[in-house]
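[1] My questions are about this predicted structure, shown below with the sequence.
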Amino acid sequence: MVLSLSPGPTAIENAAFLSDYGQTWRISDDHWDLWSAPQKLNEAEFPFSLSEAFDRVEKWIDFARPGAWPDEDMMPLGSLTPRPDWGAPRESRLTRDEQRTEFTLWSFARSPLILGANLTRLDDFTRSLMTTKDLIAVNQHGVGNHPVKNLPAGFEHVRVWEATVNESATPAQFLAFFIDPAHNHRTYEA
């Protein structure tokens, strides 16, 4: 049994309490298929976009451990039909590269890998993405997953995450490279 707490965007000040008493807890408002949200539709953070997730998951990574997973929310990938909670029925607005970015970031951040899609209309791309064995291993068995700091000159617009997976006698090192989301200005209409 897993206790999942979903108070919406949880304040980082509550992290120690949540990681002691819950197995997973939401760290953002509802996450949707947006690279960046041109405006918020309520006083909280709705809708929460992929570009905003980078800074959010980095703040919470020290509280991710076996039995405790900061939850960046479901991944709205593939077919968002017949009635998504927000917007018209559609295929995800994220490009394939953005969908790979989202799944990779959630994996390295050890967020629960919850797919928010119509499984009866699951396409080959989304299926292959959601079954990427190395990323699932990073998510489920990663040790010390963290963003790499103090990158050398020339990497100002890149974010790098590192993880070690100890599933065999020889630990495997994994690196993920992301172009800094602050430098992508793609926006969407609701």
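    Nice, I can see it. Residues are numbered from 1 along each chain as shown.

[2] residue furthest from the geometric center of this structure?
    In the chain, the residue that sits farthest from the middle, by C-alpha atoms, centre = their mean, is A169; the gap is 28.9 Å.

[3] did I read that right, that one in a strand?
    No. According to DSSP: H, G, I helix; E, B strand; the rest coil, A169 belongs to no strand; its state is coil.

[4] any idea of the pLDDT on it?
    You'll see A169 listed with a pLDDT of 82.

[5] again with D55
    For D55, the predicted pLDDT is 91.

[6] Which secondary structure element is home to it?
    helix 50-60 (DSSP states H and E).

[7] Show me the contact partners of that helix.
    12, 15, 27-28, 31, 34-37, 45, 48, 70, 72, 94, 98, 101-102, 105-106, 109, 111, 147, 159, 178, 180-182, 184 (C-beta atoms under 8 Å, 6 or more residues apart in numbering). Where C-beta positions appear, they are placed from N, C-alpha and C, glycine not excepted.

[8] I'd like to check the angle between the longest helix along the chain and helix 50-60, please.
    If you go by DSSP state H, the chain has its longest helix at helix 96-108. Angle, helix 96-108 to helix 50-60, by axes from the mean of the first three to the mean of the last three C-alpha atoms, to 10 degrees: 10 degrees.

[9] out of everything not next to it in sequence, what's closest to Q173?
    Distances taken as C-beta to C-beta, 6 or more residues apart in numbering put T164 closest to Q173, at 5.7 Å, once the chain neighbours are dropped.

[10] Does the one you found belong to a helix, a strand or coil?
    strand.

[11] surely it meets H146?
    No. With contact defined as C-beta atoms under 8 Å, T164 does not reach H146; the gap is 10.1 Å.

[12] and W86, what pLDDT?
    Reported pLDDT for W86: 89.

[13] ok, now how distant is the nearest residue to it once chain neighbours are set aside from A64?
    Excluding its sequence neighbours, the residue lying closest to W86 (C-beta to C-beta, 6+ apart) is W32, at 5.9 Å. In this view, W32 and A64 are 23 Å apart by C-beta to C-beta, to the nearest Å.

[14] Alpha carbons of the helix or strand where F125 lies, in PDB - could you do that?
    If you go by DSSP H and E, F125 is part of helix 124-130. Output of helix 124-130 as PDB, limited to C-alpha atoms (Å, rounded to 0.1, in the frame of the first residue of the first chain):
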ATOM      1  CA  ASP A 124       3.800   3.200 -30.700                       C
ATOM      2  CA  PHE A 125       5.900   6.300 -29.800                       C
ATOM      3  CA  THR A 126       4.300   6.800 -26.400                       C
ATOM      4  CA  ARG A 127       4.400   3.000 -25.700                       C
ATOM      5  CA  SER A 128       8.100   2.900 -26.600                       C
ATOM      6  CA  LEU A 129       8.900   6.000 -24.500                       C
ATOM      7  CA  MET A 130       7.000   4.700 -21.400                       C
END
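
[15] contact partners of that helix?
    So helix 124-130 is contacted by L77, G78, S79, R96, Q99, R100, F103, L113, L115, A117 (C-beta under 8 Å, 6+ apart).
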